[in-house]
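Colleague: quick one, structure for this:
(one chain, ligands or ions: 1)
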Amino acid sequence: MSKIAVVYHSGYGHTKVIAETFANEIQATLIEVDQEGNIQDQDWDTLDTADAIVFGAPTYMGGVPWQFKKFADASSKRWFTRAWADKVFGGFTNSASMNGDKQVTLISLHTLASQHGGIWVSLGLAPSNTKSATRQDVNSLGGSVGLLVQSPADASVDEIPSGDLETAKQYAKRIKAITEKFIAA
Ligand SMILES: Cc1cc2nc3c(=O)[nH]c(=O)nc-3n(C[C@H](O)[C@H](O)[C@H](O)COP(=O)(O)O)c2cc1C
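Modeller: Sure thing, here's the model as predicted:
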């Protein structure tokens, strides 16, 4: 049984729903980076013993919120000892605009995983991009590096497009399957 941890920040609750959707699909452990940019001491132990770590953050001003960056900088303590090297990693971001510079955030999560010597898992799902495509489709935002979610600016946390939530579930299953292959090898 693989151990997968999802560490995320959410300012207003939308990214929290995505993190929960992702984690519930594969019984992953959820770790919230709080409004002060901190996680609990036992959360660091959970991350250290995880087979896979998934980073999640909304896109604020074209990047991660400062709280997630504080967590990322705090993880340098693990970098010094290569504590997270060779773990499986993935990531997701959520923002209001269809584009909204989400890719910048995703690449920063990928880079953080790479700094730690991780094995990054791409989204692995074909885009839904024909004339008949809708926001109920899987991967209608056409992501490839990781999971992209768009929560319209006036959407409540219960109004995240269903296709994006389904994409989160499918990405979760992919990360779990790859992690289990990896730890069995
Ligand atoms: C300070 C701030 C900056 C934001 N910057 C962006 C942005 O660069 N691109 C974008 O598409 N949406 C941006 N948004 C919208 C959020 O990404 C969007 O509302 C998201 O769903 C918030 O997630 P959360 O509820 O988990 O905090 C910004 C919101 C805030 C509060």
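Colleague: all contacts plus neighbour counts: C-alpha atoms, from now on.
Modeller: Fine.
Colleague: can you give me the strands in the chain?
Modeller: 4-8, 29-32, 52-58, 88-95, 119-120, 147-150 (DSSP state E).
Colleague: near the ligand, which residues of this structure?
Modeller: 10-16, 58-62, 94-97, 100-101, 151, 153 (CA under 6 Å from any ligand atom).
Colleague: what pLDDT does Met1 get?
Modeller: Reported pLDDT at Met1 in the predicted model: 85.
Colleague: cool, and Ala52?
Modeller: So Ala52 comes in at 98 (pLDDT).
Colleague: can you get me a residue count around it?
Modeller: Neighbour count of Ala52, defined by other CA atoms under 10 Å: 30.
Colleague: likewise for Asp101?
Modeller: If you count neighbours by other CA under 10 Å, Asp101 ends up with 15.
Colleague: who touches the longest helix that the chain contains?
Modeller: Identified as the longest helix of the chain according to DSSP state H is helix 162-184. With contacts defined as CA atoms under 8 Å, 6 or more residues apart in numbering, helix 162-184 is touched by 1-2, 4, 18, 21-23, 25-26, 51-52, 88, 90, 121, 123-124, 135-140, 147-150.
Colleague: next: stretch 93-104.
Modeller: With CA under 8 Å, 6+ apart, stretch 93-104 has contacts from 14-15, 56-60, 62-63, 105-106, 141, 147-153.
Colleague: ok, stretch 12-27 next?
Modeller: With contact meaning CA under 8 Å, 6+ apart, stretch 12-27 is reached by 4, 6, 8-10, 28-30, 56-58, 93-94, 151, 156-157, 160, 165, 168-169, 171-173, 176.
Colleague: re the thing from before, give the buried residues for the longest helix of the chain.
Modeller: 163-176, 179-180, 182 (16 or more other CA atoms under 10 Å).
Colleague: picking that back up, just the buried members of the residues of the chain next to the ligand?
Modeller: Of the residues of the chain next to the ligand, these count as buried by 16+ other CA under 10 Å: Ser10, His14, Thr15, Lys16, Pro58, Thr59, Tyr60, Asn94, Ser95, Ala96, Gly100, Ser151.
Colleague: surely Ile119 meets Lys87?
Modeller: Yes. The criterion here is CA atoms under 8 Å, and Ile119 meets it with Lys87 at 6.1 Å.
Colleague: any idea how far the nearest residue to Asp137 once chain neighbours are set aside is from the ligand?
Modeller: Using CA to CA, 6 or more residues apart in numbering and skipping residues adjacent in sequence, the residue nearest Asp137 is Gly163, 4.6 Å away. Here Gly163 is placed at a distance of 15 Å from the ligand (CA to the nearest ligand atom, to the nearest Å).
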